[in-house]
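[1] Fold the following, please.
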Amino acid sequence: MREEETRHDIVVVGGGLAGVCAAVAAARLGRRVALIHNRPVLGGNSSSEVRVWVCGATAHGVHRWARESGIMGELYTENQYRNPEGNPYYWDQVVLDAVLAEPLLDLYLNTDVREVEAEGPADARSVRGCTGWMMGSERRITFRAEQFLDCTGDGLLGHLAGARYRIGREARAEHGEPWAPEEADDALLGSTILFHTKDTGRPVKFVAPSYARDLASTPILRNRVLRTGDNGCDYWWIEWGGELDTVHDNERVRDELQAVVLGIWDHIKNSGEFPDADNLTMEWVGSLPGKREYRRFVGDHVLTQQDILEQRPFEDRVAFGGWSVDLHPVQGMYADEPGARQRYADGVFHIPLRCLYSVNVSNLLFAGRNISATHIAFGATRVMATCATLGEAAGTAAALCVGMGLTPRELALKEPESVRRTLLRQDASVIGVADDDPGNLALGAVATASSHLSRLAAGPTAAEPGERYPLDRDLALLLPADPAVETVDLLVHGDTDTAPAELTVELWDTGRPENAVPLGHLTTTTVAVPSGGPHWVTAHFGHRPPAAHNVVVIVRAHPGAALVLVPHRTDGVLALRRRAEGDAAVDHDIPEEEGQAVLEWQARGLRRHTFCFRLSPDTRAFHSSHAVGGFQRPYGGPNMWSSDALIGAGTDGTWLRLDWDLEQTLTEVRVVFDDDVDEYLNNLHRHRTPFEVMPELVRAYRVQALSPDGTWRTLVSEAANRRRHRVHRLAAPVATRALRLVADATHGAPRAHVSALKAYGEGR
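    Residues are numbered from 1 along each chain as shown. Next comes the predicted model:
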């Protein structure tokens, strides 16, 4: 056995997506980081060992413009490019490559941290080091650092350090949560083991082992749905252990889950109820339970059900989520009730920094499913893409703590703007926070462009005549009201009889800038539509808001009438339809709570399609000014510059320019492109998108500085970009009074989109 000791600035324990993003974020900020993981592959529950789909704020497409940016966004889009088939082993490599790309990050796989050296009284402890055993290598390694991050999920590091935590459900009176039980208890969400099948093209038998569970002796057959086409997380409901201790009883939980998996497969193969299963074989079965819940640490703020459903906008928010408050019966797969109960906020919700550090251990941060949240709130924050964004935020905070010599609490209280500005500089997943970084010289520049998209419209063409979309339900368009919505023209088919249709058209507000559903009625008008058609008709609204925001134009159902739907995306616009009886909102097997606007109004099936319309007056939603000092992602509007058209490569026709009154010395340029955060991506492709690279991304571009003689000097030239956030550190400082980005080509979109153009100088 070899005894070793290492010293780092930051130690991250746990190599799930939260730990990976924490370690990468801290290393990118110049800190020496150790990432320690007790498994042979990274990714935690998303890895090839467990194979849970990476879900996040999009909630399988329920929320709009909600896909994560930052490091999690990079993983999503890189996987989309490398791994369009959703191979779980390829996903492992995407995650591993992201870690190996960081020269300041030291990776320790197969290393189980079992000892923690901490000191101080119970209410003011500090971690000095932790020790892990590297399995298979006989190495016992002690890690020392200034800051420690517990991203283990189960929270073992923090527990051994003496950090305060909770297990189980809080009583309703503790936080006033409507979904909490009257009395506190130890109930948890259970663990799951998944399986995958494949079609061999010939009959394959299955002989069940002796320990396979006989489903007839369980409530599963009457309460859960078995389908031969389901794989992986389709069987998320194979869940058990909520009445046990999901850590200390892990072996028992695993045995029961595997027995049920094999019992399910025995029933599918041998009951005679599934003749289409003859050629199927079991390709893979997990042997490692995917845990949902155990310890939740206590921070300076405990996130609650109200925080999520009321979308409370914390001043120290560092990440966002959008998954429902998703709670499962404690009996798991053996419950007689449905497998889940879910409640969505009207849009994304926010998570504060105060939930990511310990209330009583001065140098301990955490991220993932163990953050400071109640059992109810944890039901929404526990999904992996959200955990990943929390990891990036916690890693960023840890790096700033090391650089400033502060504890996480001191950072949150004394330097909240430093956290906010650093996260925005990284294009992290924060919403509704504008860039005010004094180091960003672009904020003091005047932004102009070769053109900007000003006329919002979608109409039929000879190539795309559109389809008749019946008004058998309410249909809607979400539009930016910037500066106004005076009139909206709609292309409508009238009734098939001779009587004109009288359509009711309404204008609604979305309630909050982060929402994309109708929540506040503004005005109503009616329009007459002749029979036949289609006909352009005009709805008059005269809406001039005091500030730019999104609105929803609702066309109420009218039997016999129809709108015209064209198969292309219109920037800043969404087509919506009202859910009809029998439509599944998210999962056919989960009954939805009533009164959820985001489930009532669906974008599924309509994304990248638009109802034909013409908006008046012209919009400023895509003006060049939106690329400077904006929000970097949709928030009450698209918040980006879009050219009116894209002029071919080799010209200076499509450009975005920054001008300063005085000469500036630049050392770094950052660009945030649009990669359509409304497009739902998934690492194992529960949902398949046809794009390996988002069409809206600028593929070829040049960054140029204006020389004293009036010519443009090219500083950067990229021909094959496929990333949203590009950081260009210049080879030498450049003195200039103007900077411009020339867009030469996209990955298919007809216009160039830029969410932010930033410039930094020496000492930034």
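[2] Please list all residues in contact with the closest residue to Thr407 other than its chain neighbours.
    Using C-beta to C-beta, 6 or more residues apart in numbering and skipping residues adjacent in sequence, the residue nearest Thr407 is Ser362, 4.7 Å away. Every residue, glycine included, has its C-beta placed from N, CA and C. With contacts taken as C-beta atoms under 8 Å, 6 or more residues apart in numbering, Ser362 has the following neighbours: Gly120, Ala124, Arg125, Ser126, Thr407, Pro408, Arg409.
[3] give me that answer again for 7 Å
    Counting by C-beta atoms under 7 Å, 6 or more residues apart in numbering, Ser362 makes contact with Ala124, Ser126, Thr407.
[4] now do the same end-to-end measure for stretch 341-353.
    28 Å (C-alpha to C-alpha, to the nearest Å).
[5] again with stretch 409-422
    17 Å.
[6] Give me the distance from that stretch to the chain's centre.
    Averaged C-alpha coordinates place stretch 409-422 at 23 Å from its chain's average position (C-alpha atoms, centre = their mean, to the nearest Å).
[7] Quick check: mean pLDDT of that stretch?
    Taken as a whole, stretch 409-422 has a mean pLDDT of 97.
[8] Check stretch 578-598 too.
    Mean predicted lDDT for stretch 578-598 stands at 78.
[9] got the end-to-end distance for that stretch?
    10 Å.
[10] chain center to it, what's the gap?
    Centroid separation for stretch 578-598 versus its chain: 21 Å, with C-alpha atoms, centre = their mean.
[11] what does that stretch rub up against?
    Contacts of stretch 578-598 from elsewhere in the structure, counted by C-beta under 7 Å, 6+ apart, are 60, 62-63, 225, 338-340, 342-344, 346, 473-474, 517, 519, 599-602.
[12] now Arg382: how far from Arg296?
    Here Arg382 is placed at a distance of 10 Å from Arg296 (C-beta to C-beta, to the nearest Å).
[13] Equivalent analysis for Val716, please.
    Using C-beta to C-beta, one obtains 45 Å as the distance from Val716 to Arg296.
[14] more neighbours, these two?
    Here Val716 and Arg296 are compared on neighbour count by other C-beta atoms under 10 Å; more neighbours surround Arg296, at 27 against 17.
[15] Quick check, that one in contact with Gly168.
    No. With the criterion set as C-beta atoms under 7 Å, Arg296 and Gly168 do not qualify as a contacting pair; they are 9.2 Å apart.
[16] Identify the residues contacting the closest residue to His623 other than its chain neighbours.
    For His623, the nearest residue in space outside its immediate sequence neighbours is His452; the separation is 5.2 Å by C-beta to C-beta, 6+ apart. Residues in contact with His452 (C-beta under 7 Å, 6+ apart) are Phe622, His623, Ser624, Trp641, Ser642, Ser643, Asp644.
[17] Can you tell me the SS state at the last one?
    Read it as Asp644. Classification of Asp644 by DSSP: H, G, I helix; E, B strand; the rest coil places it in coil.
[18] Tell me how many other residues crowd the residue nearest to it when sequence neighbours are not counted.
    By the measure of C-beta to C-beta, 6+ apart, the closest residue to Asp644 outside its immediate chain neighbours is Ser451, 3.9 Å from it. A count of neighbours around Ser451, defined by other C-beta under 10 Å, yields 19.
[19] Please confirm that Ser451 is located within a strand.
    No. According to three-state DSSP, Ser451 belongs to no strand; its state is coil.
[20] Relative to Val116, how far out is the residue nearest to Thr407?
    From Ser362 across to Val116, the span is 14 Å (C-beta to C-beta).
[21] swap in Asp106?
    From Asp106 to Val116 the distance is 19 Å (C-beta to C-beta).
[22] of these two, who's got more company?
    Each of Asp106 and Val116 has its neighbours counted (other C-beta under 10 Å); Val116 has more, 23 against 18.
[23] Please look at the more buried one and Leu160 and confirm they touch.
    Yes. Applying C-beta under 7 Å, one finds Val116 in contact with Leu160, separated by 3.7 Å.
[24] Listing request: residues of the stretch 401-550 of the chain with sub-threshold pLDDT.
    496-499 (pLDDT under 70).
[25] quick one: the strands in it?
    446-449, 457-458, 467-470, 475-481, 485-493, 501-509, 520-529, 535-543, 549-555 (DSSP state E, counting those that start in this stretch).
[26] Can you check which of those strands gets nearest to Leu35?
    strand 446-449 (39.1 Å; C-beta to C-beta).
[27] which helices and strands sit right next to that closest one?
    In terms of contacts (3 or more C-beta pairs under 7 Å, 6 or more residues apart in numbering; DSSP states H and E), strand 446-449 is packed against strand 655-673.
[28] Report all helices and strands that the strand it packs on contacts.
    The helices and strands touching strand 655-673, judged by 3+ C-beta pairs under 7 Å, 6+ apart, are strand 446-449, strand 725-746, strand 753-760.
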